[in-house]
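Asks: predicted model, plus sequence, below.
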Amino acid sequence: MASTITIMVIRMTITMTEAEALYRLTAWSSPAFPTGAFSYSHGLEWAVEEGRVTSEATLEDWIRHGLAHGVGQVDGALLAAGYRAASDEGRLSELIDLACAWRATSETALESAQTGAAFLATVRAAWPAPAFDRFASLCGDRQPGLALIFGVAAAGIAPLGLALRFHLAAWASHQVSAGVRLIPLGQTAGQRLTARLEPAVLRAAEAAEGADLDDVAGAAWVVDIASMRHETQTTRLFRS
């Protein structure tokens, strides 16, 4: 009887830990988490304006490209690196500098810096922990962006692969939401697209988990051009 009770307690502990991790990752990746990500289109607004993204199919292509060659590769690798270096302040400081430098345009720099700063401020207020305070102190005036901060925050609560899947799924979801409003598309079309993007998100997360930062290189040139063109676009709903 004693051993049976012990096994039951162990199982409850594992279940509670998993539930806690899922709860936090869900909250941190939710559109309701106040990072301001909803106000950025990551260059998509210009692509719609220019007639490059005009349908459910072309929006899917746009997001898949970003997952495979842009955000999915670069931000995913930064998240993984931050996760692994969460307790190494020297390495984290190097990654903060690297994350600040890995920005192709002024608008993607703004998007990365502001969503990251908002995430860090909110997670410190709602889930206070010494690790978050130490990371904020280490950043100082530097704003490394959401991916790196998310990786550091997730390090103590969830497996890396799970954190990557939540973060990249959230980015894809924001792109779908922007496309639904800009093209426009119906909400059901947006959910069909979200379902079809699942394999692309999972592939990007798996690739990021095994990435070496020395080998990482983005190749989403059209997204970078769209971001630069968006800076001078006459009519804009989004900040990037």
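Replies: That came through fine.
Asks: thought L202 was touching R165?
Replies: Yes. Counting by Cβ atoms under 8 Å, L202 sits close enough to R165 to count as a contact (6.5 Å). For the C-beta atoms, the positions are set from N, CA and C on the backbone; glycine is no exception.
Asks: dump the residue contacts of the residue nearest the centre of the chain.
Replies: Residue closest to the average C-alpha location in the chain (Cα atoms, centre = their mean): H167, at 4.0 Å. Each residue near H167 by Cβ atoms under 8 Å, 6 or more residues apart in numbering is listed here: S29, D75, G76, L79, L146, A147, F150.
Asks: wait, what's in contact with the spatially closest residue to the first one that is not a sequence neighbour?
Replies: Of all residues not flanking S29 in the chain, A170 sits nearest, at 4.0 Å (Cβ to Cβ, 6 or more residues apart in numbering). Taking Cβ under 8 Å, 6+ apart, we find A170 in contact with S29, S30, P31, A37.
Asks: recalculate using a threshold of 10 Å.
Replies: L25, T26, W28, S29, S30, P31, F33, T35, A37, L146, F150, V201 (Cβ atoms under 10 Å, 6 or more residues apart in numbering).
Asks: go on, G161?
Replies: A80, L202, A205, E206, A208, E209.
Asks: what's the neighbour count on the third one?
Replies: Spelled out, it's A205. 24 (other Cβ atoms under 10 Å).
Asks: L67 versus that one, what's the distance?
Replies: Separation of A205 from L67 (Cβ to Cβ, to the nearest Å): 9 Å.
Asks: what do you get for the fourth one?
Replies: According to Cβ to Cβ, E206 stands 11 Å off from L67.
Asks: overlap of the contact sets of these two?
Replies: G76.
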